[in-house]
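Novice: only the shape, not the letters, is given here:
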Ligand SMILES: C[S@@+](CC[C@H](N)C(=O)[O-])C[C@H]1O[C@@H](n2cnc3c(N)ncnc32)[C@H](O)[C@@H]1O
């Protein structure tokens with residue numbers, strides 16, 4: 001399903017430097033992630049080029065299937081930092097070759113449950129004994145949000161973050177007990193249905209640039225997945241004996257975006 005992530009992320013490349021939390025894991029998240037590694041100098045495999053994770057661990061390999069993302073978003077290779085082009089579902093690495101697998105919002109790029117299942121199995125395969133996989137995950141609300149809750153989030157709860165607003169509206173398309181896979185364009189339609197641009201501008205001072213970033217979502221056929229915590233925990237437990245959810249901070253939408261720390 002997710003080959004179409006490439007055009008979606010191509011459009012986002014020009015907005016990348018202006019994106020922040022909750023979508024980009026800005027400081028203090030990378031430092032926090034470092035404390036969750038099995039050891040500070042861990043050999044890390046990061047799923048995605050995530051420039052904010054560049055200094056995590058003692059040695060880091062970033063795996064992304066998009067040459068364009070590696071060219072435009074990855075800060076560049078050094079002796080201890082490198083990007084490799086490849087698919088997370090078929091990781092081009094030997095068994096037991098990393099101390100940690102990390103990923104920021106990478107599982108949402110994958111169809112749930114099948115592709116998420118494949119990637120969790122691969123993460124388990126490449127981890128050494130004593131290792132850990134740590135993913136920041138966005139989870140669907142349980143039970144689903146109603147319109148009043150979504151409007152309250154859009155006008156207050158998002159605390160002026162357009163990224164939090166649009167991501168929450170996409171997440172809300174997920175069915176907690178049915179299909180966890182959502183079409184991004186439907187999240188855009190949800191915003192159009194629930195809010196006027198004038199009220200969003202009045203509530204948060206959103207500018208034309210903020211609304212331009214929202215346009216990336218209009219009619220987008222890209223799909224993301226947002227399972228509930230219950231469903232993701234059940235799936236992760238088929239590959240890992242330890243499954244823990246830990247808070248990731250206090251930024252807008254943080255309550256829906258914990259770290260999931262998995263141990264073999
Ligand atoms: C890690 S995610 C989300 C963004 C993240 N929060 C960040 O700051 O980097 C985005 C990346 O996933 C990559 N991607 C999606 N599915 C993939 C897959 N199956 N294998 C490898 N890369 C994939 C896309 O090319 C894109 O660069």
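Specialist: Great, that's in hand. In this text, all values refer to a predicted model and were calculated from it rather than measured experimentally.
Novice: quick one: name the residues of the stretch 101-250 of the chain near the ligand.
Specialist: Residues of the stretch 101-250 of the chain lying close to the ligand by CB under 6 Å from any ligand atom are 104-106, 109. All C-beta atoms are positioned from the backbone trio N, CA, C, and that covers glycine.
Novice: by neighbour count, which of these wins?
Specialist: residue 104 (24 neighbours; other CB atoms under 10 Å).
Novice: so that residue sits against residue 49, correct?
Specialist: No - with contact defined as CB atoms under 8 Å, residue 104 does not count as touching residue 49 (10.4 Å).
Novice: separation between the residue of the stretch 151-264 of the chain found nearest the ligand and residue 84?
Specialist: Per CB to the nearest ligand atom, the residue of the stretch 151-264 of the chain with the smallest distance to the ligand is residue 224, at 9.4 Å. Separation of residue 224 from residue 84 (CB to CB, to the nearest Å): 23 Å.
Novice: of the two, who's got more company?
Specialist: Just comparing residue 224 and residue 84: by other CB under 10 Å the higher neighbour count belongs to residue 224, 28 against 15.
Novice: surely the more buried one meets residue 107?
Specialist: No - between residue 224 and residue 107 there is no contact under CB under 8 Å: 9.5 Å.
Novice: that older thread, what pLDDT, on average, does the helix or strand harbouring the residue of the stretch 151-264 of the chain closest to the ligand get?
Specialist: Using DSSP states H and E, the element containing residue 224 is strand 223-225. The pLDDT scores in strand 223-225 average 97.
Novice: next structured bit after it?
Specialist: Assignment by DSSP H and E places the next element after strand 223-225 at helix 229-236.
Novice: helices or strands up against that next one?
Specialist: helix 114-126, strand 242-246, strand 259-263 (3 or more CB pairs under 8 Å, 6 or more residues apart in numbering; DSSP states H and E).
Novice: please name the nearest non-neighbouring residue to the residue of the stretch 151-264 of the chain closest to the ligand.
Specialist: Leaving out its chain neighbours, the residue that sits closest to residue 224 by CB to CB, 6 or more residues apart in numbering is residue 108, at 4.5 Å.
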